[in-house]
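Trainee: Sequence and predicted structure are below.
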Amino acid sequence: MERLMSSSISSKTHFKSSIFVPPIAPLEPKRVWFPQTWLSKSPVRCSLMGSGSADAGEASEIKKVESNDEIVPFSTASDSDSTLKIKEWEVQRFQDEIASSQGIRIRRRPPTGPPLHYVGPFEFRLQNEGNTPRNILEEIVWNKDKEVSKLKERKQLYTLKKGLENAPPTRDFVGALRASYARTGLPALIAEVKKASPSRGVLRENFNPVEIAQAYEKGGAACLSVLTDEKYFKGSFENLEAIRNAGIKCPLLCKEFVIDAWQIYYARVKGADAILLIAAVLPDLDIKYMIKICKMLGLATLVEVHDEREMDRVLGIDGIELIGINNRNLETFEVDISNTQKLLEGVRGEMIRQKDIIVVGESGLFNPSDVSYVQEAGVRSVLVGESLVKQNDPGKGIASLFGKDISL
Ligand SMILES: O=C(O)c1ccccc1NCC(=O)[C@H](O)[C@H](O)COP(=O)(O)O
């Protein structure tokens, strides 16, 4: 690993020395053997923690390695392709080690896919622990990795940044939540525009995102959350853009699985006012880095946690204004709204009050007693999808959710 770091530094890369490098035993490349057929011709484009597409100068003291440049060869592998692959593999391993040292179970997709194995004249790919996603969240993230790589090839950051000049102005997402809470005395609603989900399948066949958004706004939602993932939620960035262009005044959260800063720029260009960052997926340094990028672009961040460890990590990060507590375990689909209460008890709740952080209760909220329960636990906002989107009139669903009309 030391060798990896020094080779990265010696090439023309942006690497800030303030990055925390945990004491990992150096790898021994001489013991690593890769079948020749496992090696591809693609150029290495690696980034520590996977957020490697934004300009290093922009989030000043924060990290990064991004290299298409010459790389110092160092192993027994004879050609430069294999050296690049070994380097990719090492960076991947380094990334996963940092993540797991923070209790993150979701691994990033291995860069090369499963190795080929030979049995006599045949070859096949072995499926094993290392190359198969272990749960739905990991699968989504691995798929997202492939998706984002392709999108980045089609639209480079440079082009996206030019698009920023024509992007609509951002609206104050946090301000809208505070104002709604002050006006109604009830948790401010972030109403979710979601056609389907991995746990519930298709929620609404007759799905018109703009009409649903208009109904939510009319029904008293403070902000909207728009799913943009296509494969698992049947959402899209076109939906986000259409809702923004339809003149909806509620600020919009881009509900995406963000693993790369490129996605933040893309969301901004498509009209988002806020971005979701999931602590189960992103190491601390990525969260800090992405918050900086968001601030620079005028976007709010909703940092989502599910357990105490994630909450403690996030409370250790400066500048957090919104924390979402997801009552759904994204690895198992289990939903339990008492999770919100558990995470807001004692010293954690105290710290949140002191920092004036708005907590958003997410998932599994269906009726007024669910809403009161999480409000008593300390939330000042709720993020609700299924129970609203399934109603014939999703706007009227809001009144049923709160037990009264909150649009007035
Ligand atoms: O909902 C899922 O099945 C799911 C699976 C994997 C990752 C995320 C998932 N959902 C995202 C959410 O947490 C919800 O869309 C959101 O909190 C609203 O929940 P609900 O009101 O229960 O629809």
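Mentor: Nice, thanks for sending it over.
Trainee: which SSE is the spatially most central residue of the chain in?
Mentor: Closest residue to the average C-alpha location of the chain: V258 at 3.0 Å, with C-alpha atoms, centre = their mean. Per DSSP states H and E: V258 is located in neither a helix nor a strand.
Trainee: what does the model give the closest residue to the ligand within the stretch 251-400 of the chain for pLDDT?
Mentor: Closest residue of the stretch 251-400 of the chain to the ligand, C-beta to the nearest ligand atom: G385 (2.9 Å). C-beta here means a position set from N, CA and C on the backbone, and glycine is covered the same way. G385 is assigned a pLDDT of 98 by the prediction.
Trainee: Could you give me the buried positions within the helix or strand harbouring A182?
Mentor: Assigned by DSSP H and E, A182 falls within helix 173-184. The neighbour-count check on helix 173-184 (16 or more other C-beta atoms under 10 Å) flags 173-174, 176-178, 180-181, 184 as buried.
Trainee: Isn't the residue of the stretch 251-400 of the chain closest to the ligand up against K195?
Mentor: No: in this structure, G385 is not within contact of K195 by C-beta atoms under 8 Å, at 10.0 Å.
Trainee: I'd like the average pLDDT over the helix holding A182.
Mentor: Mean predicted lDDT for helix 173-184 stands at 98.
Trainee: Repeat that for stretch 193-210.
Mentor: Rounded mean pLDDT across stretch 193-210 is 97.
Trainee: Now do it: distance from first to last residue.
Mentor: 9 Å (C-alpha to C-alpha, to the nearest Å).
Trainee: Show me what the host helix or strand of I323 pairs with in its sheet, parallel or antiparallel.
Mentor: Taking DSSP H and E as the definition, one finds I323 inside strand 322-326. Partners of strand 322-326 in the sheet, by DSSP bridges, are strand 300-305 (parallel), strand 358-362 (parallel).
Trainee: can you list contacts of stretch 380-390?
Mentor: 177-178, 181, 187-195, 197, 200, 203-204, 212, 216, 222, 225, 322, 324, 358-363, 365-367, 371, 374, 394, 397-398, 401 (C-beta atoms under 8 Å, 6 or more residues apart in numbering).
Trainee: filter those residues to the buried ones?
Mentor: With burial judged by 16+ other C-beta under 10 Å, the buried subset of the contacts of stretch 380-390 is 177-178, 181, 187-195, 197, 203-204, 212, 216, 222, 225, 322, 324, 358-363, 365-366, 371, 374, 394, 397-398, 401.
Trainee: quick one: is stretch 320-333 near the ligand?
Mentor: Yes: using C-beta under 6 Å from any ligand atom, stretch 320-333 reaches the ligand at 326, 328, 330, 333.
Trainee: brain fart, stretch 191-205
Mentor: Yes: with C-beta under 6 Å from any ligand atom as the criterion, the ligand is reached by stretch 191-205 at 192, 194, 197-199.
Trainee: Quick one: the strands paired with strand 322-326 as TSV, columns for mean pLDDT and distance to D145 too.
Mentor: Below are these laid out as TSV (pLDDT from 0 to 100; distance: least, C-beta to C-beta, whole Å):
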stretch	mean pLDDT	distance to D145
strand 300-305	98	19
strand 358-362	98	24
